[in-house]
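# no sequence for this one, just the structure:
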């Protein structure tokens with residue numbers, strides 16, 4: 001009896017041990033990608049990043065200004081690296097370059113008269129959009145006060161501006177106690193924000209059918225008029241010339257139409273004779289995004305985008321603006337991350353989902369390359385795009401943080417569209433990197449508006465979850481002194497590896513992340 005029991009116990013142990021071995025083997029196979037991620041992340045090194053950046057941000061590349069010879073050197077540098085690393089082109093024709101046609105905008109010819117009085121370009125008004133060459137004449141102007149359309153306030157409820165010239169002013173209404181009417185608090189809304197109100201007020205007036213918009217914003221006029229009054233290298237996507245004219249005007253012009261405009265918020269019809277003769281002055285130029293691609297092994301139609309902008313400020317007054325941090329740091333991070341994924345593919349550990357490595361042009365000119373990709377010519381359908389991890393300046397330390405932990409990175413946007421993306425980002429950092437994740441600039445009321453100022457925004461506006469990786473600005477930001485010798489390469493390595501780990505997890509998890517906080521367009 002004891003012998004039989006002993007045999008039974010022995011058999012049970014053998015079965016149990018074999019079962020454990022089998023389970024372990026299955027688990028190892030299931031987690032093969034996860035267990036190897038550190039091996040590939042470790043191929044992203046400070047030394048390799050430094051080697052690449054000292055070339056990419058050298059004087060030879062002439063500041064990489066959009067459409068200029070230096071930018072052409074930059075795109076060929078990127079193409080050569082993708083070929084070297086064995087990362088194929090994203091386009092089916094094998095071309096790494098996505099053409100981005102642009103218009104170089106010069107000073108338009110503008111003649112404006114009101115009741116026979118001529119107003120002078122730059123001195124009295126400047127055009128802040130590029131419109132078609134045309135003439136218009138009217139016997140009345142619609143004064144729409146603050147030019148707001150909100151659930152609590154509408155400047156257009158009692159007026160029809162279809163085909164009319166509309167005069168609006170900056171800011172928003174307040175209550176008698178000094179609080180803002182829209183928010184009901186001392187906190188202003190987007191209608192007072194310097195950056196947002198330009199777009200919001202323009203878009204509403206245009207949507208209402210306005211033929212021309214005269215925007216009275218005296219605090220800003222003196223700042224921007226000189227810039228718009230001379231050739232400044234401004235660009236736009238080709239074919240984006242508007243039918244609506246949009247002018248920023250000064251005191252002289254505004255008060256000739258509504259004398260008490262500073263205090264008068266009431267909409268009205270102003271009887272006056274206005275004539276406008278507008279001649280645009282644009283030159284078409286060619287620029288390119290660079291797009292490389294690793295096809296997913298199991299879910300190839302689902303795309304993770306890793307992006308950075310390849311351009312910078314060019315040469316000004318004989319000085320090269322090298323843009324080592326902005327955005328040379330992000331650019332070399334993308335190609336090193338691409339190399340890490342390519343090594344995984346070579347080892348049979350390629351990602352389940354596809355990865356698009358997207359180096360975009362024209363960021364410094366208004367996020368043009370990324371806008372062309374999302375709004376004009378997406379290589380892959382936007383509905384199949386899982387997330388965009390955008391890297392723009394990750395090689396330096398924000399002077400505001402010099403007394404704090406240097407091993408940090410600002411994250412912007414991670415929680416704005418997808419709770420899952422934010423959670424994954426935090427988990428990957430805790431598991432692998434332990435970088436301090438600083439969300440200072442993720443605040444919806446951040447006055448810098450960084451969420452709207454880099455290429456991820458063109459994905460976010462299409463409800464594609466994003467993370468913007470950023471080290472903050474510094475004294476060398478947009479200066480010729482932004483050179484590769486000032487990059488802190490150990491931090492660049494850490495931040496690039498964090499992006500890699502996050503991309504790896506997004507690409508290999510069973511389910512695609514969900515958008516649980518979509519925005520309405």
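Here it is on my side, so go on. What you are looking at is a predicted structure, and each value in this text was computed from that prediction instead of being measured. Numbers count the residues shown, from 1 in each chain.
# rest of the way, CA atoms for contacts and neighbours
Fine.
# local confidence estimate at residue 20?
Confidence at residue 20, expressed as pLDDT, is 39.
# for the residue lying closest to residue 466 once chain neighbours are set aside, give its distance to residue 234.
Sequence neighbours aside, residue 388 is the residue nearest to residue 466 in space, at 4.7 Å (criterion: C-alpha to C-alpha, 6 or more residues apart in numbering). Using C-alpha to C-alpha, to the nearest Å, we find residue 388 at a distance of 26 Å from residue 234.
# same deal with residue 88?
33 Å.
# and stretch 488-496, how far from the chain's centre?
On the basis of C-alpha atoms, centre = their mean, to the nearest Å, stretch 488-496 sits 21 Å off its chain's mean C-alpha point.
# circling back to that earlier point, more crowded one of residue 388 and residue 234?
Between residue 388 and residue 234, counted using other C-alpha atoms under 10 Å, residue 388 has the larger neighbour count: 26 against 16.
# which helix or strand contains the more buried one?
Under the criterion of DSSP states H and E, residue 388 resides in strand 385-391.
# what's the answer for residue 227, then?
helix 218-228.
# report the angle between the helix or strand containing residue 491 and strand 385-391.
Using DSSP H and E, residue 491 sits within helix 489-508. Relative orientation of helix 489-508 and strand 385-391, computed by axes from the mean of the first three to the mean of the last three C-alpha atoms, to 10 degrees: 180 degrees.
# contacts for helix 489-508?
Residues outside helix 489-508 that contact it (C-alpha atoms under 8 Å, 6 or more residues apart in numbering) are 33-34, 37, 41-42, 44-47, 49-50, 304, 306, 329, 333-334, 337, 351-355, 389, 394-396, 407, 409, 424-425, 428-429, 432-433, 435, 512-513.
# quick one: that helix to chain centroid distance?
Centroid separation between helix 489-508 and its chain, computed with C-alpha atoms, centre = their mean, is 19 Å.
# what about that helix, average pLDDT?
Averaging pLDDT residue by residue across helix 489-508 gives 98.
# leaving out chain neighbours, which residue sits closest to residue 387?
Residue nearest to residue 387 in three dimensions, not counting chain neighbours: residue 465, with 4.8 Å by C-alpha to C-alpha, 6+ apart.
# what bridges to residue 292?
Taking DSSP bridges as the rule, residue 292 bridges to residue 89, residue 357.
# for the residue most central in space within the chain, what are its contacts?
Residue closest to the average C-alpha location in the chain (C-alpha atoms, centre = their mean): residue 455, at 2.1 Å. Contact analysis of residue 455 by C-alpha under 8 Å, 6+ apart lists 307-309, 363, 367, 370-371, 390.
# equivalent analysis for residue 104, please.
Residues in contact with residue 104 (C-alpha under 8 Å, 6+ apart) are 233-236, 282-285.
# and stretch 211-223, how far apart are its ends?
Where stretch 211-223 begins and where it ends lie 26 Å apart, using C-alpha to C-alpha.
# please identify the buried residues of it?
Residues of stretch 211-223 classed as buried by neighbour count (16 or more other C-alpha atoms under 10 Å): 211-218, 221.
# quick one: mean pLDDT for that stretch?
93.
# again, but for stretch 283-300
For stretch 283-300, the mean pLDDT works out to 97.
# what residues does it touch?
Contact with stretch 283-300 is made by 66-67, 75, 78-79, 82, 87-91, 96-105, 238, 302, 341-342, 350-361, 369, as judged by C-alpha under 8 Å, 6+ apart.
# over to stretch 512-519?
With C-alpha under 8 Å, 6+ apart as the criterion, stretch 512-519 contacts 386, 416-421, 461, 463-465, 506.
# quick one: buried ones out of the contacts of helix 489-508?
Buried members of the contacts of helix 489-508, counted by 16+ other C-alpha under 10 Å: 33-34, 37, 41, 44-46, 49-50, 304, 306, 329, 333-334, 337, 351-355, 389, 394-396, 407, 409, 424-425, 428-429, 435, 512-513.
# let's verify the closest residue in space to residue 129 that isn't next to it in sequence: helix, strand, or coil?
Closest residue to residue 129 apart from its sequence neighbours, by C-alpha to C-alpha, 6+ apart: residue 246 at 5.9 Å. With DSSP: H, G, I helix; E, B strand; the rest coil as the basis, residue 246 sits in strand.
# show me the contacts for residue 246.
Residue 246 makes contact with 127-129, 202, 212-215, according to C-alpha under 8 Å, 6+ apart.
# could you redo the last one with a cut-off of 10 Å?
By C-alpha atoms under 10 Å, 6 or more residues apart in numbering, the contact list for residue 246 reads 126-131, 165-166, 198, 202, 205-206, 210-215.
# how many neighbouring residues does the residue nearest to residue 125 when sequence neighbours are not counted have?
Nearest non-adjacent residue to residue 125, counting by C-alpha to C-alpha, 6+ apart: residue 249, 4.4 Å away. Using other C-alpha under 10 Å, residue 249 has 27 neighbouring residues.
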